[in-house]
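Undergrad: Need coordinates for the below:
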Amino acid sequence: MQPTISSEQAKRITVNTVHSAATASFPPGYKLTEIVFPNESCTDSSDNDTGQIRVGITYWVDGPDRAHNNAYYENLKRWWHNNGWTVETDTWSGKQFANAHNDDGYLMSLTGTVTGPVLGRLSIGASSPCVWPNGTPERRS
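TA: Alright, predicted model coming up:
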């Protein structure tokens, strides 16, 4: 078991990455409002908890005119391409969802609500690869 960055370092990277992508994708005046989710436990191929976690951050994107969501999506796709990300899933034209990954194992997504009272509300988020909470493998009892 190899050391990793710590969960705090992974959180900083995911937050900074989302903010960089948002700045390039949305017009001035947008606001990111955090949606709180717990960290996700990582499992091995037998679905056993490894002790590692995947750190994520997700935000509602408030402020931009939802009529221009397709343009914001295109801006994000361009940012992904220019920053070494690879689109993994792209169902934007139907289900308003797309995600991409980079070579470091981070994953980022953009989602637009397609049901409920606020259609087209965007959320953007990123998650880290599996990391040890303190950066070093922990002894298992």
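
Undergrad: by contact count, what packs against the biggest helix by length in the chain?
TA: Criterion DSSP state H: the longest helix present in the chain is helix 7-25. Using 3 or more Cβ pairs under 8 Å, 6 or more residues apart in numbering; DSSP states H and E as the contact test, the elements touching helix 7-25 are strand 31-35, strand 49-62, helix 69-82, strand 107-112, strand 122-131. Glycine gets a C-beta too; all of them are placed from N, C-alpha and C.

Undergrad: Can you tell me what sits against stretch 81-99?
TA: Contacts of stretch 81-99 with the rest of the structure, by Cβ atoms under 8 Å, 6 or more residues apart in numbering, involve 20-21, 69-70, 73, 76-77, 79-80, 100-103, 107-114, 120.

Undergrad: just the buried members of those residues?
TA: 21, 69, 73, 76-77, 79-80, 100-102, 107-112 (16 or more other Cβ atoms under 10 Å).

Undergrad: residues in contact with the residue nearest the centre of the chain?
TA: For the chain, the residue nearest the mean C-alpha position is Ala126 (1.4 Å; Cα atoms, centre = their mean). Going by Cβ under 8 Å, 6+ apart, Ala126 touches Thr14, Thr17, Val18, Ala21, Gly56, Ile57, Tyr106, Leu107, Met108, Ser109.
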